[in-house]
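In: Okay, here's the prediction I keep looking at, along with the sequence it came from:
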Amino acid sequence: MLIKQGALAEDRWVHRSDDEALPDGTPAIVSLDRWKRDRATLVARNAPVGVRLKSDQQPMEIAADLDRVGVVALEFPVFKDGRVFSYARILRDRYGYKGELRAFGHILRDQYLFLDRCGVDAIEVRGEKALDEWQAAMNEFSVFYQPASDARRRPAVALRGTAADDVAVPAAEVTALSPSRPDFDDLAPVMVPPPADAPPAPSAERIAAAEARVRNFSGTYGHLSAQKLLAAMIETEFKGRIALVSSFGSEAAVLLHMIAEIDRSTPIILLDTQKLFGETLRYRDVLVERLGLTGVRAARPDAERLRKLDPDGMLFSRQPDLCCQIRKVEPLHRALDGFDAWITGRKRYQGRRRAVLPVIEASEGRIKVNPLASWTKELLDEYFVEHDLPHHPLEEDGFLSIGCMPCTDRVAPGEDVRAGRWRGKGKTECGIHESPAQQSLTSSAL
Ligand code: SF4
């Protein structure tokens, strides 16, 4: 099956290896080696022929024969091998290839739109599940990660740190891409009142009680291992009233595994900002299945708040604090309603404000437990190996701390592990771990 021009399409071509006979009357795709070896026979057959290029075979090797092949199939050996994007452009722009360009192999569905922009007009999809995923992916993303020369849309990397006016694209493109895109002058409110359904602020008594409890807990549980501390909190102190807030990012599997060992039905909240990487959502699905987690739920932004405050989905480029407020902080407050305690995956080695992170703390009348506060990167790596846990697919590509797609960048060797978060914006935290008083100090939007 193919994805072609944004829709599923029947594939009438078949791939054949170097030794297989070609089916009579059926269009067939063969390797470049076979094409070179049997060119005359292949051209004379009674059906069209296509050629398969491996990622280490240059387009120039087929350039002289392009008017004789109906398909050039470009292989992705691994998703991060970007040569296919370049080859597609070379075939279209330099050699003027007009036939079908298709991609196959290890392709992420998030790459679909960029492939399209590079001139690839078909993608081979295998398996029913993959088909469903690809169908969902076609309208999933409004922001691109990779830059492109066609300038139809600016990629996330160019949007980071840009002022609103810099983001504007020519009027004709705006009309074509987003008919309802508002004027930026109508946006960027200076003062934003909390939503009408925001949970009430905790009473002074509740705040004092939580702080007293923390003092008590620190003496009783402060010396326990992460696993034992979690067991005490989940099974004894807050049974049914504690939740893990997980980003399903690069190190999340450690806490998720520990919690699954204690109680697989423990509530787990993912802040689905609707700006997450597709890889993160699929990684969540992998971990849920692998660990048997049954309590995972998504906390999403309020649709009305998005419509009013972020109608074009670009608030992150103008007011990231406000964007985090409506996409993370407010949904978390709603999701924690009914819980007395929550668990986070923060660690001291992540630096900055986290360098002095306590294991147990009070926050807005609730208890916040940070079982991995003292863990090092080496300990986390060992845990992954010991329990054979899958890694987030973006980690091997240089993403060490993974949040929303527009605000997450790769981290260079030797850089702070969170250096890729809100790079260049002077922002280091999203606000969910700050009290309202701290937020007012750090947020220029509120
Ligand atoms: S991390 Fe970026 S996109 Fe995500 S909520 Fe914050 S500002 Fe918005």
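Out: Arrived safely, thanks for sending.

In: Smallest gap between the stretch 151-300 of the chain and the ligand, at which residue?
Out: Closest contact between the stretch 151-300 of the chain and the ligand, by C-beta to the nearest ligand atom, is at Lys275 (4.0 Å). The C-beta positions use only the backbone N, C-alpha and C, and glycine is treated the same way.

In: what's the burial count for that residue?
Out: By other C-beta atoms under 10 Å, the residues close to Lys275 number 23.

In: need the contact list for it.
Out: Lys275 is in contact with 143, 313, 316, 327, 404-407, counting by C-beta atoms under 8 Å, 6 or more residues apart in numbering.

In: So what pairs up with the nearest residue to it once chain neighbours are set aside in the strands?
Out: Nearest residue to Lys275, sequence neighbours excluded (C-beta to C-beta, 6 or more residues apart in numbering): Cys404, at 3.9 Å. Judged by DSSP bridges, the bridge partners of Cys404 are Leu276.

In: ok, Cys404 touching Asp272?
Out: No. Using C-beta atoms under 8 Å, Cys404 is not in contact with Asp272; the gap is 10.2 Å.

In: who has more neighbours, those two?
Out: Cys404 (25 against 19).

In: gap between the more buried one and Gly431?
Out: 13 Å (C-beta to C-beta, to the nearest Å).

In: Please apply the same query to Ala209.
Out: 24 Å.

In: What of Leu230?
Out: 25 Å.

In: go on, Leu270?
Out: 17 Å.

In: Please apply the same query to Ala303.
Out: From Ala303 to Gly431 the distance is 20 Å (C-beta to C-beta).

In: So for these two, which residue has more residues nearby?
Out: Taking neighbours as other C-beta under 10 Å, Ala303 and Gly431 compare with Gly431 leading, 22 against 9.

In: how many neighbours does the residue lying closest to Ala419 once chain neighbours are set aside have?
Out: Distances taken as C-beta to C-beta, 6+ apart put Val411 closest to Ala419, at 5.3 Å, once the chain neighbours are dropped. Using other C-beta under 10 Å, Val411 has 18 other residues around it.

In: Quick check: which of the contacts of Lys275 has the minimum pLDDT.
Out: Least confident of these in the model: Val143, at 63.

In: where does the stretch 101-250 of the chain have low pLDDT?
Out: 127-193 (pLDDT under 70).

In: In it, mark out all the helices, start to finish.
Out: In the stretch 101-250 of the chain, the segments counted as helices under DSSP state H, counting those that start in this stretch are 112-117, 128-137, 156-159, 164-167, 171-177, 204-221, 226-231.

In: Which positions within the last one qualify as buried?
Out: I take that to be helix 226-231. Neighbour-count burial for helix 226-231, counted by 16 or more other C-beta atoms under 10 Å, picks out 226, 229-231.
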